[in-house]
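Sharing a model prediction with you, sequence too.
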Amino acid sequence: MLKLVVLISGGGSNLRALLEAASDADYPARVIAIGADRDADGFEHAEAFGIPTFSVPFTSFPDRESWGDELLATIEQWGADLVVLSGFMRLLPIRVVEALTPHLINTHPAYLPEFPGAHGVRDALAAGVSQTGASVIVVDGGVDSGPILSQERIPVLPGDTESTLHDRIKVVERRLLVQSVLDIANGTLDLTEKTPA
């Protein structure tokens with residue numbers, strides 16, 4: 001059974017999808033803890049599913065490095081097999097990434113390497129492209145530059161706003177994340193051998 005720690009910053013819709021999948025006895029992964037860098041609304045999902053939570057508030061530390069050290073120490077206490085960034089909006093210090101990768105994955109609302117960064121949906125609309133996508137990646141030291149585990153194209157429709165497009169992307173992100181975790185747990189997706197797409 002693959003043990004997951006999920007990190008969130010907001011509402012945790014991807015987290016909810018993982019929790020629902022993991023509630024099936026046949027799904028070979030379980031969320032053992034949910035952490036955040038602030039008081040996140042997504043903790044409601046943890047409460048609903050009876051999952052322990054932890055918070056390492058960024059504002060409680062003098063700098064990013066000391067915050068990262070505490071976050072890493074807290075994560076490591078859980079002995080997780082995989083750490084999932086699920087709408088976690090804080091950039092991890094490089095030593096945290098190096099300690100966890102390749103067992104550190106993230107979703108991104110674009111068809112990487114197109115439109116990396118915090119505003120992938122907005123950037124796709126601004127570029128006037130006819131399609132964008134969703135990706136699941138291994139986190140590395142760059143900005144959305146790690147090995148791509150799974151991705152899917154999503155059309156940009158006439159009249160799309162950032163909100164409507166992002167809502168459609170999120171549906172695909174959730175499905176890709178649940179499938180990627182399943183494939184990692186089953187050994188059909190090897191994090192140590194994956195190369196960038």
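In hand now; what should we look at? Numbering: from 1, shown residues only.

And what about the residue nearest to Leu189 when sequence neighbours are not counted, helix, strand or coil?
In space, not counting the residues next to it along the chain, Leu189 is nearest to Asp183; the distance is 3.7 Å by C-beta to C-beta, 6 or more residues apart in numbering. Placement of C-beta: from N, CA and C, glycine included. Recorded secondary structure, Asp183: helix (DSSP: H, G, I helix; E, B strand; the rest coil).

Next: Ala134.
With three-state DSSP as the criterion, Ala134 reads strand.

Only the C-alpha atoms, please, for stretch 175-191, written as CSV.
Coordinates of each C-alpha in stretch 175-191 appear next as CSV, following Å, rounded to 0.1, in the frame of the first residue of the first chain:
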residue,chain,number,x,y,z
ARG,A,175,-8.3,12.2,-13.1
LEU,A,176,-4.7,12.2,-14.2
LEU,A,177,-3.5,12.5,-10.6
VAL,A,178,-5.6,9.6,-9.3
GLN,A,179,-4.4,7.5,-12.3
SER,A,180,-0.8,8.5,-11.8
VAL,A,181,-0.8,7.5,-8.1
LEU,A,182,-2.5,4.2,-9.0
ASP,A,183,0.2,3.5,-11.6
ILE,A,184,3.0,4.4,-9.2
ALA,A,185,1.5,2.2,-6.5
ASN,A,186,1.1,-0.7,-9.1
GLY,A,187,4.7,-0.2,-10.3
THR,A,188,3.7,0.5,-13.9
LEU,A,189,5.0,4.1,-13.5
ASP,A,190,8.6,4.2,-12.3
LEU,A,191,9.5,7.6,-10.8
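
Give the buried residues for it.
For stretch 175-191, burial by neighbour count (16 or more other C-beta atoms under 10 Å) applies to 176-178, 180-185, 189, 191.

mind checking how far that stretch is from the chain centre?
13 Å (C-alpha atoms, centre = their mean, to the nearest Å).

Please apply the same query to stretch 175-193.
Distance, centroid of stretch 175-193 to centroid of chain: 13 Å (C-alpha atoms, centre = their mean).

Contacts for it next, please.
Contacts of stretch 175-193 from elsewhere in the structure, counted by C-beta atoms under 8 Å, 6 or more residues apart in numbering, are 1-2, 4, 14, 17-18, 21, 27-29, 82, 84, 86, 102-103, 105, 107, 134-136, 138, 147, 149-152.

before we move on, what about stretch 150-167?
Contacts with stretch 150-167, where a contact means C-beta under 8 Å, 6+ apart, come from 109, 111-112, 121-122, 124-125, 129-136, 168-169, 172, 176, 179-180, 183, 189, 197.

which of those count as buried?
Those of those that meet the buried threshold are 109, 111-112, 121-122, 124-125, 129, 132-136, 168-169, 172, 176, 180, 183, 189, by 16+ other C-beta under 10 Å.

In strands, which of these appear?
Those of the buried ones among the contacts of stretch 150-167 mapping onto strands are 132-136, per DSSP state E.

Present the residues you listed as JSON lines; the columns should include pLDDT and distance to Ala36.
Rendered in JSON lines, the data for these read as follows (pLDDT from 0 to 100; distance: C-beta to C-beta, whole Å):
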{"residue": "Thr132", "pLDDT": "98", "distance to Ala36": "27"}
{"residue": "Gly133", "pLDDT": "98", "distance to Ala36": "27"}
{"residue": "Ala134", "pLDDT": "98", "distance to Ala36": "22"}
{"residue": "Ser135", "pLDDT": "97", "distance to Ala36": "23"}
{"residue": "Val136", "pLDDT": "97", "distance to Ala36": "20"}
